[in-house]
Every structure is written in structure tokens, then in C-alpha cells.
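# pasting a predicted model and its sequence here:
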Amino acid sequence: MPFDTTTLEQTGEASQPLALLGDRLPGLIFQCYRSAEGAIRFPYLAGADRRVLGDARQRQRLAVDGRHAFDRVHPEDFPRLMVAVERSAKSLSLIATQVRLTRPGGSEAWFGVRAQPEPHGDGTLWHGIMVDISEQIAHQAHLRELSDTDELTGLPNRRKLMSCLDHQLSLSCRHGTPLSLILFDLDHFKRVNDTWGHLKGDEVLGRLSELCQELLRGEDMLARLGGEEFAVLLPLTPKPQALNVAQRLRERVAGHDFGLPRHRLTISLGVAEYRIGESREALIDRADCHLYIAKESGRNRAVGSAEE
Ligand SMILES: Nc1nc2c(ncn2[C@@H]2O[C@H](COP(=O)(O)OP(=O)(O)OP(=O)(O)O)[C@@H](O)[C@H]2O)c(=O)[nH]1
């Protein structure tokens, strides 16, 4: 049965309040029809945000050929949206997803999409709603950032390091690329707190973070694990190069004046390169074991193997 686009708008008197509401509704209500051959049309569009799909003329065209509506979807979100549409058409299940759309002026907005499908003629008809959720997405990003950041130093915290480590380990496994981890710890930091006070200790931790950050490449991740313990994740880096980085960090800290009268600060470092297939914990344990050896063998040194 061919799809009649007029029937949806000719629903009699009862449609009058709905049409008024539709214009003012902060969002977008739509019907989307896809034929068995894959042709897409938007026979019904309403709501204040319908303008996201273009001016009146452009929207009228969508009633005949809806492909251009998808030009507004962010390229990163497009495949996910298409998968959701396919799955929904096949199983007649609700589409519930989030996509970025480019408004006609060029600005980008996140929309939450919900659409219920039903078989119609030889194709599928969705009844859907889209709401601008940009503020919620920004708020969520802010909360995520807070939960991933160490308050004192502004560095990524342990939680963030662990999730990046998981990601980098899977890349390393898949592509066989090297990956190294440095764990380091300030030597005798307790003395700093005991002698100059906790506030000065905090200041030292902040300055130490800046110093180390300056030495590292953009793709390396410096994180504070807690207390006076830090980690550096070095993607695409085999152990000899990671040991070089560790030595440079050590020298940089030992040569820096932290403003502590007659006192120089040093760090001890443990370095380990990821062995394809080992667990995250095993890698951390090996780096930690090397750090322990560095401490035991006199501090202010970088250790990359258990034999040292
Ligand atoms: N100021 C400050 N001190 C901290 C913070 N977190 C941990 N510390 C201090 O770091 C010190 C760590 O002491 P220890 O674990 O004995 O280690 P250390 O004195 O550095 O000795 P080694 O690691 O063996 O060289 C303690 O005094 C903690 O109070 C912090 O956020 N701020």
C-alpha cells in the first residue's frame, strides 16, 4: 500500500490544539517513514526545534525526500543512528539514542531521540520526539571531569588513569604496539610536611606536577595516584625510552629548587613495559616492584628491572 503523507495531518478538529502546542513545544515531534526500498520521508514535523532541520521550504522538501535531514547528523553519531534505525525497523523496537545535530547557523546541539516504529504499507513508520539535551550533556561532561581530576594538582586521578590504561592496553594488544608505565614517589616527603607544614607540602606536590608535565609529550598521561605517588602512561614507548624519560624526570626534580631551605627533593621511579596479554594489575605490580627496588637501593633513581 503506498504511503499517504496527507492522512497524518488530516485528523480533524482534534488536531487544532495539537498544532498550536506543536509550534510551541520545546523540541521536535516527527513522523518518519522508510519504504522497503530504503527511501525516507518526514511527513510530519512540529515543535519549536523543527527549525533545526532547516527553513520552511527545506522542511517541506523533507516530506518528499528525507535524506537531507541526516546530513545534519554529526559524522561520529551517524553510524550509531543508522544501526539504531535498522535494529528498530527489524524488531519494531523503540529507538532511544542521542545524536549531535548541526543547526542551520552552524552551531551544534545534542538531541535525545525517542521513536516508536510500526509497520506501515510496505515499510516502517516511526512516531518520534527529539529534545535538545545539550545542557545535560555539558553538565554530565563537567561531572565526569570532576570525578576524573585530582583536586590538588589538577592532574587526572587514579580512576582516570585506570580507564586510560585499559584503553591503551587493548590498543597495544590489538596492534602489538609498545606501552610503558612509570610509577614514581617523592622521597622522604613526610619530612617536608613535618618540617615546613602540610600547606607547603601541598605546594610542592603542585609544583612537582607542573615540572613533570613540562617534560612529557602530549600523548603521555601524568596522573596522581594519591598521596605523593604519581604515574606516567607512555603509549607507543618501549622500556629503554621509558627509562630515559624516567631519568629525565628524576634529574629535573633533583635539580629544581622547591623553595625548601637547605633541602633538595628527589623522586624514585619504577618502569615497566607492557607484556602483551598480561593483566593491568600485573603491569602495575611490576612497575611497583621496580619502584620498591629503587627506594630500597638508595632512592633518587629509576629502576626498570628486578635484577637491579
Ligand atoms: N602535603 C601533603 N602531604 C601528603 C598528601 N598526601 C600524602 N601526604 C604525605 O606524604 C607522606 C608520605 O610519607 P611516607 O609514606 O612515609 O613516605 P616518604 O616520607 O615520602 O618516604 P619514602 O617514600 O619511603 O621515601 C606523609 O607524610 C603523608 O601525610 C597531600 O595531599 N598533601
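Happy to help now that I have it.
# report the contact partners of the spatially closest residue to Leu243 that is not a sequence neighbour.
Leaving aside its chain neighbours, Leu243 sits nearest to Gly304 (4.8 Å; criterion: Cβ to Cβ, 6 or more residues apart in numbering). (Glycine included, C-beta is placed from N, CA and C.) By Cβ atoms under 8 Å, 6 or more residues apart in numbering, the residues touching Gly304 are Lys239, Ala242, Leu243, Ala246, Gly270, Val271, Ala272, His290.
# shouldn't the fourth one be in contact with Ile267?
In other words, Ala246. No: Ala246 lies out of contact with Ile267 (Cβ atoms under 8 Å); the separation is 9.2 Å.
# which of these two has more residues huddled nearby?
For Ala246 and Ile267, the more surrounded residue by other Cβ atoms under 10 Å is Ala246, and the numbers stand at 28 against 25.
# next up, identify which helix or strand the more buried one is on.
Ala246 is located in helix 239-254, with elements delineated by DSSP states H and E.
# need the contact partners of whatever helix or strand comes next after that helix.
As assigned by DSSP H and E, the chain's next helix or strand after helix 239-254 is strand 267-273. If you take Cβ under 8 Å, 6+ apart as the criterion, strand 267-273 is touched by 178-187, 208, 238-239, 242-243, 246, 249-250, 253-254, 283, 286-295, 299-304.
# quick one: the helices in the stretch 151-300 of the chain?
158-175, 189-196, 198-215, 239-254, 280-296 (DSSP state H, counting those that start in this stretch).
# so which elements touch the first one?
So that's helix 158-175. Under the contact criterion of 3 or more Cβ pairs under 8 Å, 6 or more residues apart in numbering; DSSP states H and E, helix 158-175 touches helix 134-148, strand 179-186, strand 221-226, strand 229-235, helix 280-296.
# out of those, which one sits most buried?
Mean neighbour count, computed with mean count of other Cβ atoms under 10 Å, is highest for strand 179-186 among these, reaching a mean of 25.
# other SSEs contacting it?
Judged by 3+ Cβ pairs under 8 Å, 6+ apart, strand 179-186 is in contact with helix 158-175, helix 198-215, strand 229-235, helix 239-254, strand 267-273, helix 280-296.
# could I get the contacting residues of Phe78?
Phe70.
# residues near the closest residue to the ligand within the stretch 101-250 of the chain, how many?
As assessed by Cβ to the nearest ligand atom, the ligand sits closest to Gly201 within the stretch 101-250 of the chain, at 2.5 Å. Around Gly201 there are 20 other residues, counting by other Cβ under 10 Å.
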